[in-house]
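Undergrad: Next one to model:
(chains A, B, C and D)
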2 protein chains.
Amino acid sequence: MTQTAGKRSDPVTISDVAALAGVSVGTVSKALNGRGSLRPETRDRVREAAERLGFQANAAARSLNTGRTYTVGMITTDTIGRFSIPLMIGAEDSLGAGQMSVFLCDGRDDPIREQYYLDTLLRRRVDGIIVTGRRARSRPPIRAGLPVPVVYAFVSSTDPRDCSLVPDEGGGAAKAIEHLLAVGRSRIVHVTGPEHHHSTQVRAAAAAAAVDLAAPPMFGEWSESWGRHAIGMLLATGAEFDAVFCGSDQIARGCADALRLAGRRVPDDVALVGFDNWDVMALACQPPLSSVDLELQALGRAAADRLLAAINGSPAPGLHTHPCRLIVRESSAAPLPG
Amino acid sequence: MTQTAGKRSDPVTISDVAALAGVSVGTVSKALNGRGSLRPETRDRVREAAERLGFQANAAARSLNTGRTYTVGMITTDTIGRFSIPLMIGAEDSLGAGQMSVFLCDGRDDPIREQYYLDTLLRRRVDGIIVTGRRARSRPPIRAGLPVPVVYAFVSSTDPRDCSLVPDEGGGAAKAIEHLLAVGRSRIVHVTGPEHHHSTQVRAAAAAAAVDLAAPPMFGEWSESWGRHAIGMLLATGAEFDAVFCGSDQIARGCADALRLAGRRVPDDVALVGFDNWDVMALACQPPLSSVDLELQALGRAAADRLLAAINGSPAPGLHTHPCRLIVRESSAAPLPG
DNA sequence: GAAAATCCGGAAACCGATTTCCGGATCTTA
DNA sequence: TAAGATCCGGAAATCGGTTTCCGGATTTTC
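TA: Numbering: from 1, shown residues only, chains lettered A, B, ... in the order given. As a prediction, the model looks like this:
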């Protein structure tokens, strides 16, 4: 019973509550925050008045005293993308539980815009900042000497004194290879994305380190059609292989389609493992696709936790890697017969 | 040259600037905001001092006077999903350009959490709130009689006095059918998602109104496998059709795969149109898929604009629909020969 | 050269909370 | 009954800005 819809009124202030309860504003503050020594009866009277008026203490006024805003900024330096979303959700999850609100800023690949957002966040006196991006790679610090703690998630800072959290992509690739070996595959090929990407390099290197690949890594693009094309090339050259480790689920799906078309059974003739564990791809694939999960939501939560720790005076500088997880599905389920 | 990395210092206040420039705080405020009458020399001196100290006016202190926070809340009542993301990006785009920052809140389908976030936003004195969700449907107002303007985007409020913006899904379906008719198709079937969804109902009704469908709408689920299955059923019953209008791109893709497997050429024998224009699906489909785009990013921008208008005293109550756009690709490109 | 107009910038109130300090009322205790 | 301890709650300072009001210095005008 506050006001009728459409009618906008001035927010209730602590003075309104004080007047209704017949006390001073200081007393209201103490009553609602459980501080000072007040008669229980007074406390109740104030609480009731606040309740009746729907009083919500102005956060801006409050933060003026405390110096804390219980607010953090999240800057995606690249455009918000498929990878940054789970990260954001994870971070928001952890921060929201800790009573902190999140300012969302999309830098759109534009350094000017990025710096503009940064200034906005500083004016708002955020308690901390999370920097993220569309792709895993390292980048220069967003600005040196910021007065608030900063955590880089998914993207990492080139300055080792900054705190960065990244998925252990190499470890994920190793897990994929080990799994393929465990189900009896030995002639493994690797089909992946553009050679110049950081992720492709790391994953390919880790795969090559874990096993003697049956062929050099095949670099291309992050698309199904490249997956189909790559399989076509392999079959045309008569290469022998019993497993394909793919740099993405889209590539893997292209591979699956091309293999089926060529009469090779998955997983009986050729086992398949993808990367990213993108459910719409991995589950729609025929058969459902084994894949390496980057665990981005957990990474987002971890980033938020690190930020909270830094805000509370316990920073953790350096590059922290978080393990990936292999999700096994049908595409690599069956051990090679014999 | 402010401070070295890792060293956290108290933020610079207006008093610091005043001291350095040798003037009073009031003068600093006037100088930096271009108010009052000051000697140009004084103004420059203050500006220079502010610059040197890296002064950024505390937004909280400022909003205490003005009553405005230049902040809006965005609540996704459902979990953040594929549809709410372009919406958020669009809204953030429009608001960011207008100097406003966005608080992101993910309600996670939990009404308690949702109300908790709402209270948080009210304490922070946001200038307005955008409510959105994972799926297009209508829902009860988030709370009656809020002291700030609220705009519902994608989801709509059941209270007609609220301002809601939704895509014109029926119009989009009609465009799809008209297009199929225009390329010479007449025996059109409709394969779509769960019958109880609001979207399926609206789209199916609009399709049926635009043409005599060759078969009753086929309700199932939002998956590729349902698309494949539906085509299997149609072929098994010997139904005659030269076009399939699908309720989603995933369904359409399943249809495309099943049709190809059955030896029906797309688009020559059967034309295909999907819904959502989800690029990863529509472009990976063989052949690339025509689809109805909900224009969610534009919808997000429009929602933000409506909210800004409401904040500035020009609310636009009621349900506003925004047109969808048909994207024509190969899957429906060729007119039926003859 | 004196009165009036103009210019510039400082002092202080104010926004809405929190917190410290202090004094009046009540209760103990001798 | 007087002195001291305890309890309760109000007054006021404070956070960091903005804005109003006002007075001293300079310039204009006759």
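
Undergrad: Can you confirm whether the helix or strand hosting A:Glu41 lies near DNA strand D?
TA: In this structure, A:Glu41 sits in helix A:40-53 according to DSSP states H and E. Yes: Helix A:40-53 reaches DNA strand D (Cβ under 7 Å from any atom of the strand) through A:Glu41, A:Thr42. Heads up, the C-betas are built off the backbone N, CA and C, glycines and all.

Undergrad: Next one, pLDDT for A:Gly81 please.
TA: In this prediction, A:Gly81 carries a pLDDT score of 85.

Undergrad: Would you list the phi and psi of it?
TA: phi -130, psi -170 (degrees, to the nearest 10).

Undergrad: what residues are up against it?
TA: A:Arg134, A:Arg135 (Cβ atoms under 8 Å, 6 or more residues apart in numbering or on different chains).

Undergrad: Ok, A:Gln115 next?
TA: Contacts of A:Gln115 by Cβ under 8 Å, 6+ apart are A:Arg143.

Undergrad: how about 10 Å then?
TA: Contacts for A:Gln115 (Cβ atoms under 10 Å, 6 or more residues apart in numbering or on different chains) come out as A:Gly107, A:Ile142, A:Arg143.

Undergrad: wait, the second one sits on A:Val151?
TA: No: under the criterion of Cβ atoms under 10 Å, A:Ile142 makes no contact with A:Val151, lying 11.0 Å away.

Undergrad: any shared contact partners between the two?
TA: When Cβ under 10 Å, 6+ apart defines a contact, the residues bordering A:Ile142 and A:Val151 alike are A:Ile129, A:Val131, A:Ser157, A:Asp162.

Undergrad: Pick the one among the contacts of A:Gln115 closest to DNA strand D.
TA: DNA strand D lies nearest to A:Arg143 out of those, by Cβ to the nearest atom of the strand, at 18.6 Å.

Undergrad: Phi, psi for the closest one please.
TA: Per-residue torsions, A:Arg143: phi -170, psi 140 (degrees, to the nearest 10).

Undergrad: any idea how far A:Leu118 is from it?
TA: 6 Å (Cβ to Cβ, to the nearest Å).

Undergrad: next one: A:Glu178
TA: 42 Å.

Undergrad: between the two, who's got more neighbours?
TA: A:Leu118 (21 against 12; other Cβ atoms under 10 Å in any protein chain shown).

Undergrad: overlap in contacts of A:Arg143 and A:Leu118?
TA: A:Ile129, A:Val150.

Undergrad: in what helix or strand does the residue nearest to A:Gly36 when sequence neighbours are not counted lie?
TA: Leaving aside its sequence neighbours, A:Gly36 sits nearest to A:Lys30 (Cβ to Cβ, 6 or more residues apart in numbering or on different chains; 3.7 Å). Assigned by DSSP H and E, A:Lys30 belongs to helix A:25-33.

Undergrad: Spatially, what comes nearest to A:Ala282 if we skip its sequence neighbours?
TA: Using Cβ to Cβ, 6+ apart and skipping the chain neighbours, the partner closest in space to A:Ala282 is A:Leu289 (4.2 Å).

Undergrad: next one: A:Ala333
TA: Nearest to A:Ala333 is A:Pro267, by Cβ to Cβ, 6+ apart, at 6.0 Å.

Undergrad: hang on, isn't the one you found packed against A:Gln286?
TA: No: between A:Pro267 and A:Gln286 there is no contact under Cβ under 10 Å: 11.6 Å.

Undergrad: hey, what's in contact with both of those two?
TA: Here A:Pro267 and A:Gln286 have A:Ala256, A:Glu330, A:Ser331 as joint contacts, going by Cβ under 10 Å, 6+ apart.

Undergrad: Drop anything exposed from these.
TA: A:Ala256, A:Glu330, A:Ser331 (16 or more other Cβ atoms under 10 Å in any protein chain shown).

Undergrad: Enumerate every residue touching A:Val28.
TA: A:13-21, A:42, A:46-47, A:49-50, A:55, A:57.

Undergrad: re earlier: from the shared contacts of A:Pro267 and A:Gln286, pick the one nearest chain B.
TA: Distance to chain B across the shared contacts of A:Pro267 and A:Gln286 (Cβ to the nearest Cβ) is lowest for A:Ala256, with 11.5 Å.

Undergrad: Pull the number of nearby residues for A:Pro267.
TA: Neighbours of A:Pro267 using other Cβ under 10 Å come to 25.

Undergrad: Ok, A:Gly67 next?
TA: 10.

Undergrad: Ok, A:Phe154 next?
TA: Neighbour count of A:Phe154, defined by other Cβ under 10 Å: 27.

Undergrad: ok, for it, nearest residue in space, not its chain neighbours?
TA: Nearest non-adjacent residue to A:Phe154, counting by Cβ to Cβ, 6+ apart: A:Thr132, 5.1 Å away.

Undergrad: I figured the one you found hits A:Ser157, correct?
TA: No: assessed by Cβ under 10 Å, A:Thr132 is found out of contact with A:Ser157, at 11.6 Å.

Undergrad: Now the common contact residues for these two.
TA: Shared contacts of A:Thr132 and A:Ser157, counting by Cβ under 10 Å, 6+ apart, come down to A:Val151.

Undergrad: could the shared contacts of A:Pro267 and A:Gln286 go into CSV alongside distance to chain B, pLDDT and secondary structure?
TA: Converted to CSV, the shared contacts of A:Pro267 and A:Gln286 look like this (distance: Cβ to the nearest Cβ, whole Å; pLDDT from 0 to 100; DSSP: H, G, I helix; E, B strand; the rest coil):
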residue, distance to chain B, pLDDT, secondary structure
A:Ala256, 12, 97, helix
A:Glu330, 14, 97, helix
A:Ser331, 16, 97, helix
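
Undergrad: pLDDT score assigned to A:Asp16?
TA: The model reports A:Asp16 with a pLDDT of 96.
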